[in-house]
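In: Sequence and computational prediction follow.
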Amino acid sequence: MQSSLKIGSIMGIPIKLDTSFLLALPIAAYFSAINSQPFGFAEVEPPIVRYALSALSAIFLFASVLLHELAHSYFAKRYGANIISITLFLFGGVASMEEIPKKPGQEAKMAFAGPLTSLIIGFICLFTYSYIISPNPALSQNSVYLVIWILGSMNLMLGIFNLLPAFPMDGGRMLRSFFARKMSYVKATHSAASVGKLVAILMAIFGIYIGDLWLPLIALYIYSSASNEDRSTQT
Ligand SMILES: [Zn+2]
């Protein structure tokens, strides 16, 4: 069954949209439209402009997720891995490759390239907004430029979240590479997965403590990903 749509290719890598992505754009745009400034466009009138700007920021957000995955793919290719495709899902993107570079230094660089790209985009956008747009009333009163602020803060969050030392985040892979310098790949995966489980437990406790239900849900996902990664490497 065909569950993804190919929209083109970059660096010879097919770029696909998963069917769940059809929901992702409207959901991301909807949250932009109902959130107050500076995290959204709720105050912008007329509604057509509000929704157009929300859709625009959602599209830019997914374009930056794509850049994040392309950064991983660039290094994976450089280290000889064959990238089958990059697919955008509801919750982000995945670059599927035939074999992950297993040399510790290579996996670490490949894993770090993604969050680094997100952090660079985030800093450039926030810098532009704070030092060029914000001091200039002619620009700062135009809500179009708020897209840059939203894009900047989302990319910064994306970069930081992906650096969490837990699978399936990039930080989990970086941690495994760090362990793999001193032990076998299987043992390193097991150690990194254990750290990931600990991060998930702490995240769940913190979420319950502050009364946020999303964090325990994300924590559950991270915990099961850690178990899966551990199991699949051992077999
Ligand atoms: Zn990544």
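Out: Looks like it arrived, so ask away.

In: Output stretch 125-141 as CSV, restricted to C-alpha atoms.
Out: Provided in CSV are the C-alpha atoms of stretch 125-141 (Å, rounded to 0.1, in the frame of the first residue of the first chain):
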residue,chain,number,x,y,z
CYS,A,125,15.9,34.0,12.6
LEU,A,126,15.9,35.2,16.2
PHE,A,127,18.9,37.5,15.6
THR,A,128,17.2,39.0,12.5
TYR,A,129,14.0,39.6,14.4
SER,A,130,15.6,41.1,17.5
TYR,A,131,18.2,43.3,15.8
ILE,A,132,16.7,44.2,12.5
ILE,A,133,12.9,43.9,12.7
SER,A,134,12.1,44.7,16.3
PRO,A,135,13.9,48.1,16.5
ASN,A,136,12.2,49.2,13.3
PRO,A,137,8.5,50.2,13.9
ALA,A,138,7.6,50.0,10.2
LEU,A,139,8.6,46.3,10.2
SER,A,140,7.7,45.3,13.7
GLN,A,141,4.1,46.4,13.3
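
In: Flag every buried residue along it.
Out: 125, 126, 128, 129, 133 (16 or more other CB atoms under 10 Å). Just so you know, the C-beta spots here come from the backbone N, C-alpha and C atoms, and that holds for glycine as well.

In: Any part of the host helix or strand of residue 174 near the ion?
Out: For residue 174, the element it lies in under DSSP states H and E is helix 170-180. Yes - contact between helix 170-180 and the ion, assessed by CB under 5 Å from the ion, occurs at residue 170.

In: could you give the mean pLDDT of that helix?
Out: For helix 170-180, the mean pLDDT works out to 91.

In: can you check stretch 202-221 too?
Out: So the average pLDDT for stretch 202-221 ends up being 90.

In: For it, output the C-alpha coordinates as PDB.
Out: Coordinates of each C-alpha in stretch 202-221 appear next as PDB, following Å, rounded to 0.1, in the frame of the first residue of the first chain:
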ATOM      1  CA  LEU A 202      12.500  12.100  34.800                       C
ATOM      2  CA  MET A 203      10.500  13.800  32.100                       C
ATOM      3  CA  ALA A 204       7.300  11.900  33.100                       C
ATOM      4  CA  ILE A 205       7.800  12.900  36.800                       C
ATOM      5  CA  PHE A 206       8.500  16.500  35.900                       C
ATOM      6  CA  GLY A 207       5.400  16.500  33.600                       C
ATOM      7  CA  ILE A 208       3.200  15.100  36.400                       C
ATOM      8  CA  TYR A 209       4.700  17.600  38.800                       C
ATOM      9  CA  ILE A 210       3.900  20.700  36.700                       C
ATOM     10  CA  GLY A 211       0.600  19.200  35.600                       C
ATOM     11  CA  ASP A 212       1.400  18.800  31.900                       C
ATOM     12  CA  LEU A 213       0.000  15.700  30.300                       C
ATOM     13  CA  TRP A 214       2.000  15.900  27.100                       C
ATOM     14  CA  LEU A 215       5.300  15.300  28.800                       C
ATOM     15  CA  PRO A 216       4.400  11.900  30.300                       C
ATOM     16  CA  LEU A 217       3.100  10.900  26.800                       C
ATOM     17  CA  ILE A 218       6.300  11.900  25.100                       C
ATOM     18  CA  ALA A 219       8.200  10.200  27.900                       C
ATOM     19  CA  LEU A 220       6.300   7.000  27.300                       C
ATOM     20  CA  TYR A 221       7.200   7.200  23.600                       C
END
